[in-house]
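Novice: structure of the sequence below:
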Amino acid sequence: MSGRRITVRQGDTTAAIAEAHGLFWETVWNHYENDKLRELRKDPNILREGDQLFVPDKRKKVEDVSGLCPSCGARRMLDVSARLMERVFPEVPIRQYVLSPPSELVGLLAAREDVLAAMARVFVQATFRGQRERLGASVQNGAVVFVQRFTKTLSVYPHLHVLALDGGYTEGAEGALEFHGDPGPSAEAREAMEDEVETRLSGWLGRRGYLD
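Specialist: I've put the predicted structure just below:
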């Protein structure tokens with residue numbers, strides 16, 4: 001997450017620093033980079049000279065673990081992402097996950113909504129499971145799933161774009177939510193996620209007779 005650390009001067013408050021950077025004080029105070037400062041000070045209005053307060057950039061960033069989608073080019077997705085980050089997502093990092101299914105499933109995914117829904121469900125569950133393995137079982141995750149049905153050449157090819165919080169929330173003292181940033185999946189973790197999706201989706205298809 002891009003941003004910078006501000007050295008607190010005498011009389012500074014979180015609210016004043018946040019306002020000077022065009023942000024809500026909650027956005028600054030609840031940022032995961034300020035976890036240690038929150039533990040130390042407890043109150044956003046009680047800072048001490050010399051404290052380091054992280055102030056995120058106003059514009060949020062989408063991290064894409066798969067790079068530009070090779071199927072659709074992701075141009076439309078980028079526009080939608082920008083609107084979501086402005087109006088829907090909290091002021092935390094967002095990571096994009098892309099799932100491109102094997103060609104032999106394209107016809108089935110295009111014709112059967114239940115198969116497409118099952119693939120989306122399995123993929124999101126695998127994504128959340130990986131985050132909880134890295135951050136702890138109590139972390140609450142969030143994501144928005146988009147189904148892209150065509151390639152950039154307008155060929156039918158249903159595939160998924162998932163915009164997920166790049167981390168998760170836990171409930172702290174007095175019900176306050178604290179965000180914990182996700183370092184992201186390693187190469188090994190991505191392979192494990194792909195294997196999980198393939199295994200679970202194949203099992204789901206087999207139990208419903210789609211693989212007979």
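Novice: elements contacting the longest strand along the chain?
Specialist: When every strand of the chain is counted residue by residue (DSSP state E), the longest turns out to be strand 156-165. Here strand 156-165 touches helix 75-87, strand 94-99, helix 106-111, helix 113-135, strand 143-150, going by 3 or more C-beta pairs under 8 Å, 6 or more residues apart in numbering; DSSP states H and E. Every C-beta, even on glycine, is put in place using the N, C-alpha and C of the backbone.
Novice: now with 6 Å?
Specialist: Contacts of strand 156-165 with other secondary structure elements, assessed using 3 or more C-beta pairs under 6 Å, 6 or more residues apart in numbering; DSSP states H and E, are made with strand 94-99, helix 106-111, helix 113-135, strand 143-150.
Novice: low-confidence ranges, the protein, go.
Specialist: For the chain, the stretches with pLDDT under 70 are 1-2, 58-83, 85-86.
Novice: for Ala189, give me its contacts.
Specialist: Neighbour list for Ala189: Gly130 [criterion: C-beta atoms under 6 Å, 6 or more residues apart in numbering].
Novice: for it, give its distance to Val156.
Specialist: Taking C-beta to C-beta, to the nearest Å as the criterion, Ala189 is separated from Val156 by 31 Å.
Novice: equivalent analysis for Glu19, please.
Specialist: With the distance defined as C-beta to C-beta, Glu19 ends up 50 Å from Val156.
Novice: kindly report the same for Ala173.
Specialist: From Ala173 over to Val156 (counting by C-beta to C-beta), the distance is 51 Å.
Novice: out of the two, which sits in the busier spot?
Specialist: Regarding Ala173 and Val156, a neighbour count based on other C-beta atoms under 10 Å identifies Val156 as having more, with 12 against 9.
Novice: so what's the more buried one closest to, chain neighbours aside?
Specialist: Ala110 (5.2 Å; C-beta to C-beta, 6 or more residues apart in numbering).
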